[in-house]
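J.: Here you go, sequence then predicted model.
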Amino acid sequence: MAETSQRKRIWGWYFFDWASQPYNTLLLTFIFGPYFAQVATGALVEGGMAESAANAQAQAYWGYGLTVTGIIIALLAPILGAISDSTGKRMPWIWLFSAAYVIGAAGLWWTAPGEFSVLWALFFFGLGLVGMEFATIFTNAFLPTFGPKEELGRISGSGWAFGYLGGVVALVIMIALFQATDSGKTMVGLTPLFGLDTESRADTRIVGPFAAVWFAVFMIPFFLYIRDVPNAVSTKYKFGSGLSDLIDTLKRLPQTPSLFAYLGSSMFYRDALNGMYTFGGIYAFGVLGWAPVDVGVFGIIAALSGAIFCWVGGRVDRAVGPKPVILTCCIALMGVAILIVSLTPTSVMGFAVPLGSTLPDTMFYVGGAIIGAAGGALQASSRNMLTRQGNPARMAEAFGLYALSGKATAFMAPFLIAVTSDITGDQRLGVSPLIVLFLIGIIMLIWVKPEGDHA
């Protein structure tokens, strides 16, 4: 069999981002998340709860569900990465977690309002999310094999931009062909494809099977062009050895202060960013009263700006390194978090606006564009930064630790938002903890060396 060219390997790797991005774009943020909030809120109101309290409670349910998922990922991610590094085998894990992605996403079809179960909705969503996160660990570990370190920022940024573009295309297809507006037609005036029923919200629930099919189809180039390079010493899964290596790495972390600080910093700022992605659509639904199509347009704007600025950020990363990109993006995102908390239908940044003014909606759209731009560039440069901080010989383990740092407190943002929403009974104040999380991440970047401890 002819050897696959490096160009094909890189493009095959890009297609994982293209294939997996709709889970974030369609399910986590812009379609299923708000749908979950709407249906859960409706059930709570029917049970006698006031609408404002029901909005906050639905947000809390979503937060607690993501808390459980985050804990599962945090516990298993570094262990699986260490085991993978003991053999060099990553592809079997990617196959396994790709299957979890497809099953979890497809299962969201069974979340119709009349038979809605918060528990089952969160179970299927969590299964798919675990599949995506774990598959990402093993695919990210291939990044250092694609070229010299000076080029990895550009490659990472281009891959993330390609993924965002996939998210935009998937979102446009969803709201143009499937998602009905109040008129019963899609945003472009069509009857939902396949005659999907709007009464049972089939036009919205189809987002799960759609994301599953999208992933299965567009993962084909990845599986065609990416191959493992097995460990020369052993090709067997050495669970004991993998765990032992992981324990040794954790013990040595204080001896690599830059990596230690980076894992801590990224733990907080990625948690805050994920909180923005996770609760953005739910916030727009509950606080600003947006319809699903409005949230979809918001998503297109955010994803398009993300695609553009991932590409731009990758070039800036190549020129100045990942750390300045990360710092700039964190500051911008903290500013957006402050803006979002200040928005109500009648005020912006504490200044009153007339009832019915479009300014709060406009500012939320602006915030969405910044979240897409800064969030995309931040994730791409963060992925590249780890290749400079981690041990090149144990990159899957490094990305496992990276996932651990991202998920060890991944429950923190959802949990803090859930608890704050519960305590205050105010959905707007519920997202205020994101400001503090970004600030902590920025402060911890002070101790991160641009080239890591190995320089």
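T.: Yep, that arrived. Predicted model, so just to flag it, every value in this text is computed and none were measured. Numbers count the residues shown, from 1 in each chain.

J.: And residue 351, how close does it get to residue 195?
T.: Relative to residue 195, residue 351 is positioned 47 Å away (Cβ to Cβ, to the nearest Å). (C-beta placed from N, C-alpha, C; glycine too.)

J.: hang on, I meant residue 402
T.: Residue 402 sits at a distance of 45 Å from residue 195 (criterion: Cβ to Cβ).

J.: Which one of these two is surrounded by more residues?
T.: The residue with more neighbours, out of residue 402 and residue 195 and counting by other Cβ atoms under 10 Å, is residue 402; that gives 30 against 8.

J.: I'd say the more buried one and residue 265 touch.
T.: No - counting by Cβ atoms under 8 Å, no contact exists between residue 402 and residue 265, whose distance comes to 11.6 Å.

J.: Which positions in the helix or strand hosting residue 387 come out as buried?
T.: Under DSSP states H and E, the secondary-structure element containing residue 387 is helix 359-389. Of the residues in helix 359-389, those scored as buried under the neighbour-count criterion (16 or more other Cβ atoms under 10 Å) are 360-361, 363-365, 367-389.

J.: and it, what does it pack onto?
T.: Helix 359-389 sits against helix 149-173, helix 257-287, helix 292-320, helix 322-342, strand 347-348, helix 395-407, with contacts defined as 3 or more Cβ pairs under 8 Å, 6 or more residues apart in numbering; DSSP states H and E.

J.: how does it look with 6 Å?
T.: For helix 359-389, the helices and strands in contact under the criterion 3 or more Cβ pairs under 6 Å, 6 or more residues apart in numbering; DSSP states H and E are helix 149-173, helix 257-287, helix 292-320, helix 322-342, strand 347-348.

J.: which one of those lies closest to residue 442?
T.: helix 322-342 (5.0 Å; Cβ to Cβ).

J.: which residues touch that closest one?
T.: Taking contacts as Cβ atoms under 6 Å, 6 or more residues apart in numbering, the residues outside helix 322-342 that touch it are 153, 269, 313, 316-317, 349, 367, 370-371, 374, 377-378, 381, 384-385, 432, 434-435, 438, 441-442, 445, 450.

J.: where in the stretch 51-200 of the chain is pLDDT low?
T.: Judged by pLDDT under 70, the stretch 51-200 of the chain has its weakly predicted residues at 81-82, 84-88.

J.: Where do the helices of it begin and end?
T.: Taking DSSP state H, counting those that start in this stretch as the criterion, the stretch 51-200 of the chain carries its helices at 51-85, 91-107, 118-140, 149-173.

J.: C-alpha coordinates for the second one, PDB please?
T.: Okay, so that is helix 91-107. Listed in PDB are the C-alpha atoms of helix 91-107, where the atom choice follows Å, rounded to 0.1, in the frame of the first residue of the first chain:
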ATOM      1  CA  MET A  91      -7.200   4.700  16.200                       C
ATOM      2  CA  PRO A  92      -9.200   1.900  18.100                       C
ATOM      3  CA  TRP A  93     -10.100   4.500  20.700                       C
ATOM      4  CA  ILE A  94     -11.200   7.000  18.000                       C
ATOM      5  CA  TRP A  95     -13.400   4.300  16.500                       C
ATOM      6  CA  LEU A  96     -14.900   3.500  19.900                       C
ATOM      7  CA  PHE A  97     -15.700   7.000  20.900                       C
ATOM      8  CA  SER A  98     -16.900   7.900  17.400                       C
ATOM      9  CA  ALA A  99     -19.500   5.200  17.900                       C
ATOM     10  CA  ALA A 100     -20.500   6.800  21.200                       C
ATOM     11  CA  TYR A 101     -20.800  10.200  19.400                       C
ATOM     12  CA  VAL A 102     -23.200   8.800  16.800                       C
ATOM     13  CA  ILE A 103     -25.300   6.800  19.300                       C
ATOM     14  CA  GLY A 104     -25.700   9.700  21.700                       C
ATOM     15  CA  ALA A 105     -26.500  12.300  19.000                       C
ATOM     16  CA  ALA A 106     -29.000  10.000  17.200                       C
ATOM     17  CA  GLY A 107     -30.700   9.300  20.600                       C
END
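
J.: Give me the angle between it and helix 51-85.
T.: Here helix 91-107 runs at an angle of 160 degrees relative to helix 51-85 (axes from the mean of the first three to the mean of the last three Cα atoms, to 10 degrees).

J.: Identify each buried residue in helix 91-107, please.
T.: Counting neighbours by 16+ other Cβ under 10 Å, one finds that the buried residues in helix 91-107 are 91, 93, 94, 97, 98, 100, 101, 102, 104, 105, 106, 107.

J.: same thing with the last one?
T.: The neighbour-count check on helix 149-173 (16+ other Cβ under 10 Å) flags 152-173 as buried.

J.: what distance separates whichever helix or strand comes after it from the centre of its chain?
T.: Once the chain leaves helix 149-173, the next helix or strand it forms, by DSSP H and E, is helix 202-205. Average the C-alpha atoms of helix 202-205, do the same for its chain, and the two points are 22 Å apart (Cα atoms, centre = their mean, to the nearest Å).

J.: Which residues does helix 202-205 contact?
T.: Residues from elsewhere that reach helix 202-205 (Cβ under 6 Å, 6+ apart): 35, 109, 111, 178, 179, 180, 192, 196.

J.: ok, how many other residues are close to the third one?
T.: The tally of other residues near residue 111 (other Cβ under 10 Å) stands at 23.

J.: next one: the last one
T.: The tally of other residues near residue 196 (other Cβ under 10 Å) stands at 18.

J.: Check the second one too.
T.: Here the neighbour count serves as a burial measure; for residue 109 (other Cβ under 10 Å) it reads 16.

J.: again with the fifth one
T.: One way to gauge burial is a neighbour count; for residue 179, by other Cβ under 10 Å, it gives 26.

J.: Report the contact partners of it.
T.: Listed by Cβ under 6 Å, 6+ apart, the contact set of residue 179 reads residue 203.

J.: where's it relative to residue 300, distance?
T.: Residue 179 is 12 Å from residue 300, by Cβ to Cβ.

J.: Repeat that for the last one.
T.: In this structure, residue 196 and residue 300 are separated by 21 Å, where distance is defined by Cβ to Cβ.

J.: quick one on the thing from earlier: helix 322-342 and the helix holding residue 387, what's the angle between them?
T.: Relative orientation of helix 359-389 versus helix 322-342 (the same axes, to 10 degrees): 150 degrees.

J.: So for residue 379, what's the nearest residue that isn't a sequence neighbour?
T.: The spatially closest residue to residue 379, leaving aside those adjacent along the chain, is residue 160, at 6.0 Å (Cβ to Cβ, 6 or more residues apart in numbering).

J.: got the contact list for residue 107?
T.: With contacts defined as Cβ under 6 Å, 6+ apart, residue 107 is in contact with residue 124.

J.: in stretch 414-424, what counts as buried?
T.: The neighbour-count check on stretch 414-424 (16+ other Cβ under 10 Å) flags 414, 415, 416, 417, 418, 419, 420, 421, 422 as buried.

J.: Would you confirm that the fourth one contacts residue 430?
T.: Yes - taking contacts as Cβ atoms under 6 Å, residue 417 lies within contact range of residue 430: 5.0 Å.

J.: In three-state terms, how would residue 48 be classified?
T.: Of the three states, residue 48 takes coil according to DSSP: H, G, I helix; E, B strand; the rest coil.
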